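>>> curious how this folds, go ahead:
(2 chains)
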Amino acid sequence: MKIVTAGTGMAAAEFVEQLRLEGFSGEIVMVGDEDFPPYSPCVIPFYLAGDPLDTVFWKGKDFYEKYRVTARLGEPVVQVDPDRHIIRTANGKTEDYDRLFFATGSHSRHPRPEWLETGGVFGFKTLTDMIAIDRYIREQQVTEAVVFGGGFIGVDAALALQARGLSVSLVHRNTRLLSQMTDEDGGQFATLRLAEKTGMDIQLRTKVEEISHANGRLTAVRLSDGRKIATRLLILSVGVTPNSAPLKGEDTGICSNEQMLADPCIYTAGDVAITRHAIDGVPAVYANYPNAMRQARVAARHLVHGDGSYGGSINTTVLRKHIDFPVISAGNFSGESVTWQRGDVWRRVYLVDGMINGYITIGDTRLSGYLYQHYVARTRVDGTIRKIISSPRQDGQYREMLGFASD
Amino acid sequence: MKRIFVDYKKCLACKACETACAVRHHPSGTFIGSLGDRKTEINVRVLGIEHEAFPLSCRHCDPADCLSACPSGALSRDVDTGATLIDPTRCKACAMCAMVCTFDAISFKVTHRSPHDREIAHKCDLCVERTKDGGTPACVEACHSGALVYTEFDLARSKRATRTLRTYLLGEEGVPPLVELYRELRRKEFARRRGSAE
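Numbering: from 1, shown residues only, chains lettered A, B, ... in the order given. Alright, predicted model coming up:
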């Protein structure tokens, strides 16, 4: 049996590793658009901040040799023919398969794609982006940057550039940063504290409207509120879109069953896969690393042994990069809310039927694992949760265990 | 595989475990060297909760949520001891592991193992250099009251243990009379401090 992966990202790498660990000895071909061993998108901003490049290859630089993989790199998959079991790459080459693992990930959504033709304007999604930004900063001796988009990737980008020593302006359309992973109050708290702790220039309720350039290089950006910022570096991070067009014809994600099968011979996983949420059952793309790993393992196990199923995704997220100020959340922000705040630490838990429906914890990682485990396990916490999250020494769960936390 | 189990009722909060851990993980290997050094790594924390004390450290769960959550390849399982270990050269302190650790056993700081003098995650490593050769973790060796025990871990226990912290407690041998007396005195002292006569 011949296995082909469309994509060489984290899901595809985990899938291949698990196949080999499960004893699959047949041919494996990995096809991807970037000319690198599998790398961790979570780690690549650290390279930009100054860490060694080798640390981004989280399963080793020798991945393809180690797992006996034929790598066809620099060739994005542009078309899948499920009837003929063939994929086609951008340069017209084809590869036949017995089973396809479709994990092409996602790409940055750009408000004005033509801006990327100007020197100094970059996306912030791939290792290719990071290497280009790094080279540009070094060659042009850039000392300032504007990041457009204050979601997870935008804040990640801003913190990485600031850690490198650049002066950063972060421009975001919403009323708060990290608007998808926080509610209004939590987002406001996180935005305020991030601004205080980093000294970053954060511009909310506005967007980059126009760019100015000279000799093909960026010189300034103009915001929708009329303000002009002189800069030679603009990072665009306003959102991402699943790369599902080669299989589906449009970039809206790939639906799959509980074995991660999108078709009898095509598995899917990662940032392109639409899966059911483990708690509320809502189907969507839940793009995070633990989901991608579990999806890839389910697919590998099913391919080799014919059993196993995916229990659904959890939308957990944590942003803790370069500074000791974590923002963690999961679930839905609806229901009865219980909030606690002291100093730099802010927590809110949403309860429905006495169980955790969603939570946000900012400024401290402690108790986040407790909330996560009880959220996933669907245990009733309404009798103790107030005391647990409001323990000033952040030891509420241990107080509960020793019998000191009942309301 | 062996694990460190906690019988909190025997814990006297003497913090000998913390001291032994600090010395064990300090490059000098000495108590004096570890004192006042902001990079000193202490991977067990004695929580004081009212009149009780609880020595908290990584449980080396199996399966471990932290291991599946680490996106930088820094966390792995040691085949000899079953310990979950952090590779400081790969760790970015991104907190994905801490986000799912129900025990709050993972902390972040610049330690002597940090590359580039940068924050990393640190936690109990089960003293693998000692335990893989049949030795005992430093904290357990230093515990004089029997609150920390390094013993074989059975599967049934591990299944129960993933459900609740309480089931991690040994509590089977009973508390020695002197320790029981000490607990009673400590309970009364805390009650007196709270101003509620008992």
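
>>> residue contacts, residue B:40?
Taking Cβ atoms under 8 Å, 6 or more residues apart in numbering or on different chains as the contact definition, residue B:40 lies against B:22, B:25-26, B:34, B:111-112. Heads up, the C-betas are built off the backbone N, CA and C, glycines and all.

>>> hmm, 10 Å instead?
Residue B:40 sits next to B:21-23, B:25-28, B:33-34, B:109, B:111-112 when contact means Cβ atoms under 10 Å, 6 or more residues apart in numbering or on different chains.

>>> could you find the closest non-adjacent residue to it?
Excluding its sequence neighbours, the residue lying closest to residue B:40 (Cβ to Cβ, 6 or more residues apart in numbering or on different chains) is residue B:34, at 4.6 Å.

>>> one step back: among the contacts of residue B:40, which one has the most neighbours?
residue B:21 (27 neighbours; other Cβ atoms under 10 Å in any protein chain shown).

>>> for the stretch 301-407 of chain A, what spans make up the strands?
Secondary structure of the stretch 301-407 of chain A (DSSP state E, counting those that start in this stretch): strands at A:317-319, A:327-331, A:336-342, A:345-352, A:355-362.

>>> tally of neighbours for residue 55?
You didn't say which chain, so I picked chain A. Quick note: residue A:55 (other Cβ under 10 Å) scores 22 neighbours.

>>> hmm, no, I was thinking of chain B.
Residue B:55 is flanked by 24 other residues according to other Cβ under 10 Å.

>>> residue ranges with poor pLDDT in chain B?
For chain B, residues meeting the criterion pLDDT under 70 lie at B:155-174, B:196-198.

>>> and the residue nearest the centre of it, what does it touch?
Nearest to the geometric centre of chain B sits residue B:57, at 2.0 Å (Cα atoms, centre = their mean). Taking Cβ under 10 Å, 6+ apart, we find residue B:57 in contact with B:4, B:6, B:17-18, B:21, B:42-46, B:103, B:105, B:123-126, B:137, B:139, B:148.

>>> and chain A, which of the residues you listed contact it?
B:45, B:103, B:105 (Cβ under 10 Å from any Cβ of the partner chain).

>>> now those as TSV including secondary structure and neighbour count?
Converted to TSV, the ones next to chain A among the contacts of residue B:57 look like this (DSSP: H, G, I helix; E, B strand; the rest coil; neighbours: other Cβ atoms under 10 Å in any protein chain shown):
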residue	secondary structure	neighbour count
B:45	strand	18
B:103	coil	19
B:105	coil	22
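
>>> ok, so of those residues, who is nearest residue A:388?
residue B:103 (14.1 Å; Cβ to Cβ).

>>> inside strands: which ones of the contacts of residue B:40?
Judged by DSSP state E, the contacts of residue B:40 include residue B:109 as members of strands.

>>> find the residue ranges of chain A scoring beneath the pLDDT cut-off.
Using pLDDT under 70, chain A drops low at A:405-407.

>>> buried sites along the longest helix along it?
Assignment by DSSP state H gives helix A:289-305 as the longest helix of chain A. Buried residues in helix A:289-305, counted by 16 or more other Cβ atoms under 10 Å in any protein chain shown: A:289-304.

>>> please compute how far that helix lies from its chain's middle.
Mean-position distance between helix A:289-305 and its chain equals 18 Å (Cα atoms, centre = their mean, to the nearest Å).

>>> and that helix, what does it pack onto?
Packed against helix A:289-305, as judged by 3 or more Cβ pairs under 10 Å, 6 or more residues apart in numbering or on different chains; DSSP states H and E, are the following elements: strand A:2-6, helix A:10-21, strand A:99-102, strand A:261-263, strand A:266-268, strand A:273-276, helix B:65-69, helix B:96-100.

>>> residue A:365: which of the ones you listed is closest?
helix B:96-100 (4.0 Å).

>>> packing partners for that closest one?
Looks like helix B:96-100 contacts helix A:289-305, strand A:317-319, strand A:327-331, helix A:368-377, helix B:65-69, strand B:120-122 (3+ Cβ pairs under 10 Å, 6+ apart).

>>> how does it look with 6 Å?
Packing contacts for helix B:96-100, counted by 3 or more Cβ pairs under 6 Å, 6 or more residues apart in numbering or on different chains; DSSP states H and E, involve helix A:368-377, helix B:65-69.

>>> hmm, who's touching it?
A:318, A:328, A:365, A:368-369, A:372, B:65-66, B:69-71, B:106 (Cβ atoms under 6 Å, 6 or more residues apart in numbering or on different chains).

>>> so what's residue A:94 bridging to?
In this entry, residue A:94 is beta-bridged to residue A:88, by DSSP bridges.

>>> quick one: it and residue A:81, what's the gap?
9 Å (Cβ to Cβ, to the nearest Å).

>>> wait, residue B:91 sits on residue B:74?
Yes. Here residue B:91 reaches residue B:74: they are 4.0 Å apart, a contact under Cβ atoms under 6 Å.

>>> next up, phi/psi of whatever residue of the stretch 51-200 of chain A ends up closest to chain B, please.
Chain B sits closest to residue A:58 of the stretch 51-200 of chain A, with a gap of 3.5 Å, by Cβ to the nearest Cβ. Main-chain torsions, residue A:58, degrees, to the nearest 10: phi -70, psi -10.

>>> excluding covalently adjacent residues, which one is nearest to it?
Nearest residue to residue A:58, sequence neighbours excluded (Cβ to Cβ, 6+ apart): residue B:73, at 3.5 Å.

>>> how about the backbone phi and psi for the residue nearest to residue A:243 when sequence neighbours are not counted?
Of all residues not flanking residue A:243 in the chain, residue A:104 sits nearest, at 3.9 Å (Cβ to Cβ, 6+ apart). Backbone torsions for residue A:104, taken as degrees, to the nearest 10, come to phi -90, psi 0.

>>> dump the residue contacts of residue A:346.
Counting by Cβ under 6 Å, 6+ apart, residue A:346 has contacts A:189, A:362.
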